[in-house]
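Q: Here is the input, now give the coordinates:
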Amino acid sequence: MRYEDVYEMKKHTREECLALIESGDTIAVSGVATEPTDFLGHFTEIVPRLHDVTVVKSKDNEYAYLRDPATRGHVETIGHFYAKNMREGHELGIASYIPSDLHNYMAERVAYKPNKTYKKLYAAVEKHVRTVKFEEQSQGEILKWVSRRFKAAGHTIDVPTAEHLLFTCGSLMNGLIPEIAKISAYARGERITRADIDAVAAPILCGGDVLGLVLFISAEDRLPGEGEYKLAQAVAGFLGKHMEA
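A: Predicted coordinates for the structure are as follows:
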């Protein structure tokens, strides 16, 4: 059989090709210059009747269905080149990017199989889960919280002293709770003083670096001397700089 005859047997019109697509299909289209632009350019005509269809493509051509919000829930496009049109689809939740390289992306495109498990999980999360935003508390709110914690323990604390506590121990509540308990147990007077804090609180010696915190631990029967404190500060600064790097 001549190749011309084989070509004629395989040749179809755009309408015939679009009619072949059914829900649940995964379509791996030709790549680079051979991408079927006419076929994908008219994809919006069949999107409404499709569900759970995946298109795997590679060229950075632009198509109307990738910027149409109505495509969501019908067709998902997976691409190896994250060009403008794919980014538009990504913002609409109808396109995703697959990292690859030029040596193997053609084979990856043909072998791609959609992960139905994650699609079902995503659908369930989107339907039933509500987004809750947790915002960081302001300095004023944390200071009020510190005051309430000390009041519950039978003590009072003024704003400058509370600020010294935050400077010494940080502003994370889960870290402040045990420090407030120690200070409350140590303090002899009703009003908490800076001396009470400095006597028992575990300081954050690496300022601002939560991951690189160094807690100075001294013997129970004595407070650290100035030399020991300076040494702990130097170690904290050294570790903090290396963790930032």
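Q: Surely A201 touches T168?
A: Yes: assessed by C-beta atoms under 8 Å, A201 is found in contact with T168 at 5.4 Å. (C-beta placed from N, C-alpha, C; glycine too.)
Q: Show me which of these two is the more surrounded one.
A: Higher neighbour count among A201 and T168: A201, with 19 against 16, using other C-beta atoms under 10 Å.
Q: Now do the contacts for that one.
A: A201 is in contact with L165, T168, C169, E179, K182, I183, counting by C-beta atoms under 8 Å, 6 or more residues apart in numbering.
Q: With adjacent residues omitted, what lies nearest to it?
A: Closest residue to A201 apart from its sequence neighbours, by C-beta to C-beta, 6 or more residues apart in numbering: E179 at 5.0 Å.
Q: what's the spacing between the one you found and H74?
A: Counting by C-beta to C-beta, to the nearest Å, the separation of E179 from H74 is 56 Å.
Q: Spell out, range by range, the helices that occur in the chain.
A: Listed from the start of the chain, the chain has helices (DSSP state H) covering 3-10, 14-20, 37-41, 84-92, 105-111, 116-128, 139-152, 159-169, 173-186, 194-200, 226-244.
Q: Including mean pLDDT, could those helices go into a markdown table?
A: Listed next are those as a markdown table, based on pLDDT from 0 to 100:
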| stretch | mean pLDDT |
| --- | --- |
| helix 3-10 | 85 |
| helix 14-20 | 92 |
| helix 37-41 | 92 |
| helix 84-92 | 90 |
| helix 105-111 | 64 |
| helix 116-128 | 68 |
| helix 139-152 | 93 |
| helix 159-169 | 89 |
| helix 173-186 | 92 |
| helix 194-200 | 92 |
| helix 226-244 | 61 |
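Q: wait, which of these is closest to A28?
A: helix 105-111 (5.1 Å; C-beta to C-beta).
Q: can you list the helices of the chain in JSON lines and add distance to I78?
A: Formatted as JSON lines, the helices of the chain follow (distance: least, C-beta to C-beta, whole Å):
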{"stretch": "helix 3-10", "distance to I78": "25"}
{"stretch": "helix 14-20", "distance to I78": "19"}
{"stretch": "helix 37-41", "distance to I78": "13"}
{"stretch": "helix 84-92", "distance to I78": "9"}
{"stretch": "helix 105-111", "distance to I78": "8"}
{"stretch": "helix 116-128", "distance to I78": "12"}
{"stretch": "helix 139-152", "distance to I78": "45"}
{"stretch": "helix 159-169", "distance to I78": "48"}
{"stretch": "helix 173-186", "distance to I78": "42"}
{"stretch": "helix 194-200", "distance to I78": "57"}
{"stretch": "helix 226-244", "distance to I78": "37"}
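Q: thought S23 was touching T54?
A: No: the pair S23 / T54 is not scored as a contact, 11.0 Å apart, by C-beta under 8 Å.
Q: Looking at those two, which is more packed in?
A: The residue with more neighbours, out of S23 and T54, is T54; 18 against 11, by other C-beta under 10 Å.
Q: per-residue pLDDT, that one?
A: T54 is assigned a predicted lDDT (pLDDT) of 90.
Q: so what's E62 closest to, chain neighbours aside?
A: Nearest residue to E62 in three dimensions, chain neighbours excluded: N85, at 4.1 Å (C-beta to C-beta, 6+ apart).
Q: wait, doesn't the one you found sit right on Y65?
A: No: the pair N85 and Y65 does not pass the contact test of C-beta under 8 Å, sitting 9.8 Å apart.
Q: got the contact list for the residue nearest to A95 when sequence neighbours are not counted?
A: In space, A95 comes closest to G89 once its chain neighbours are excluded; the distance is 2.9 Å by C-beta to C-beta, 6+ apart. G89 is in contact with L66, R67, T71, T77, A95, counting by C-beta under 8 Å, 6+ apart.
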